[in-house]
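Q: requesting a structural model of the entry that follows:
(one chain, ligands or ions: 1)
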Amino acid sequence: MIPTVEWKKGVVSMLDQTKLPSETVYQECKDYETVARGIKELWVRGAPAIGVSAAMGLALGARQVNEKTYEKFWKKFEAICEVMAATRPTAVNLFWAINRIKKLVQNNKDKDLDTIRQMLVDESQHMLEEDIVTNKSIGRYGASFVEDGDTIITHCNAGSIATAGYGTAEGVMRAAVEQKKKIHVYVDETRPVLQGARLTAWELMEEKIPCTLITDNMAGHFMYHDMIDLAIVGADRIANNGDVANKIGTYSLAVLCKEHGIPFYVAAPISTIDFNTESGAFIPIEERDPREVTHILGKLPVAPDGVKAANPAFDVTPARYVTAVITEKGAFHPKDVHKLADSSTDPEPYRIR
Ligand code: MRU
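A: All right, here's what the predicted structure looks like:
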C-alpha cells in the first residue's frame, strides 16, 4: 500500500493523485495554505483522505501562528480552519476532521500553546491510524456480502489512496480477496476526472485484483447480460435518512442496479454520515470547472470551443436504491444509519426490510 498522506518532521507529504497513473509524485507541503491548495486541486481526494489531510494541514497551521496568548492564537487558528473548510464542500469528512481538531484545541485551552501544537500533530497521526483500522473493519463486514466468483462493479475511487490506507469500497474487495474469494471488478472510468480509470484500475492492478475498465455508459450493457453480481461504491456524505452523495454517476449506476435486481452497497466510515443533514436534498454539491468536461484532463478539447458545460462533481442516490451501508460497526439498512449517531451504543446491524 502506497502512502496517501504523511506527516514528516513538520512537512505534510501528499501523493499527487493528479499525476497518477503515469507518475508517482509526492508534494511536500510546508504550510497549511499548500495543504488547502492540494485538497482543492485534487492532489489528495476521496472523503477520508481529505479529512486526514485537513487535520495535518491544521497541525501545520497551528505551528504557523506565532502568538503568545491562547485568545490571539485561537482567533488566527479559527481563520485557518475557515480556509481549510472552504476547499471542497461535499465530503463531510473535511468538516468532521476540522471540528475534531477545533474541539481538541478548545478543550485544552489551559495548556501552553506548544503543548497544543504538538497535540494537533499527534491527533492527526492518530486520525490516520484510526482510518486504516476503520477501513479494515469495513472490509471485513463488507466481504461477507461478496461470494467466491462474484463480479463487482464500482464507480470512482474509494481505494487505499482515497483514504489513509486500505480503502472503503476497495477495502471490501481487498478483504474478500484476503479471504481467498476470487472476484472480478468492472471499473467505471468515472468521467470527467477519470478517478476510475486513472486510480481504481491502477490500484487494483497493483494489488493483482482482476479488473476490466469500462466507460460509465457501458454499465447497463454488462448488467443486461447478467455479468454483474453486485455494486460497491464509497460515499462523500450520507444524510441522516440514508441518502448518499458520491461521485457524479453513482445515482445512474444505483438506478441501473435496481432495475436489474443487483445489490448496491455503499462502504463508508461513520465519519461520512452527516447526522445533522436531514436528507440528500440538503447536501451541498460541488460544481467544478466546466473545462473538466470540455477537455480531457484539462488538455485535449473534446467539445466545440465556447460550448456551455455543467460539471456537478457529485450526485445524490436516494436511500431506496441502497441495499446496505457498510460501516466499521457493521452493515446497516440505509434507513437505520441515523441510529449510529449515538456513539455510546452499538445498534443492531443489517436487516433487509
Ligand atoms: O472528487 P473526489 O475524487 O474527491 O470524489 C471521491 C469520491 O466520490 C469517492 O467515491 C468518495 O470520496 C469515497 S472515498 C473512500
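
Q: where does the stretch 201-350 of the chain dip in pLDDT?
A: Within the stretch 201-350 of the chain, the stretches with pLDDT under 70 are 350.

Q: residue boundaries of the helices in it?
A: Per DSSP state H, counting those that start in this stretch, the stretch 201-350 of the chain has helices spanning 201-206, 219-224, 250-260, 291-294. These are given in chain order.

Q: the stretch 1-150 of the chain now?
A: Remark: helices of the stretch 1-150 of the chain, listed N- to C-terminal, are 32-40, 47-64, 70-85, 92-107, 113-143; assignment by DSSP H, counting those that start in this stretch.

Q: just to revisit the earlier point, including distance to Pro304, could the helices of the stretch 201-350 of the chain go into JSON lines?
A: Yep, even glycine has a C-beta here, placed from its N, CA and C like the rest. Supplementary listing: the helices of the stretch 201-350 of the chain in JSON lines, determined by distance: least, Cβ to Cβ, whole Å:
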{"stretch": "helix 201-206", "distance to Pro304": "30"}
{"stretch": "helix 219-224", "distance to Pro304": "28"}
{"stretch": "helix 250-260", "distance to Pro304": "25"}
{"stretch": "helix 291-294", "distance to Pro304": "9"}
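
Q: for the ones you listed, which one sits closest to Leu128?
A: Of all the helices of the stretch 201-350 of the chain, helix 201-206 sits nearest to Leu128, with 18.2 Å by Cβ to Cβ.

Q: now do the closest one: which elements does it pack against?
A: helix 169-178, strand 184-188, strand 211-214 (3 or more Cβ pairs under 8 Å, 6 or more residues apart in numbering; DSSP states H and E).

Q: what residue spans form the domains of the chain?
A: 5-134, 137-341 (automatic domain parsing).

Q: ends of the last one, what's the gap?
A: Spelled out, it's domain 137-341. This stretch, domain 137-341, spans 18 Å end to end (Cα to Cα, to the nearest Å).

Q: mind listing what the residue nearest the centre of the chain touches?
A: In the chain, the C-alpha nearest the mean C-alpha coordinate belongs to Ala47, at 2.6 Å (Cα atoms, centre = their mean). With contacts taken as Cβ atoms under 8 Å, 6 or more residues apart in numbering, Ala47 has the following neighbours: Ala91, Val92, Asn93, Leu94, Ala162, Gly234, Ala235, Asp236, Arg237, Ala268, Thr272.
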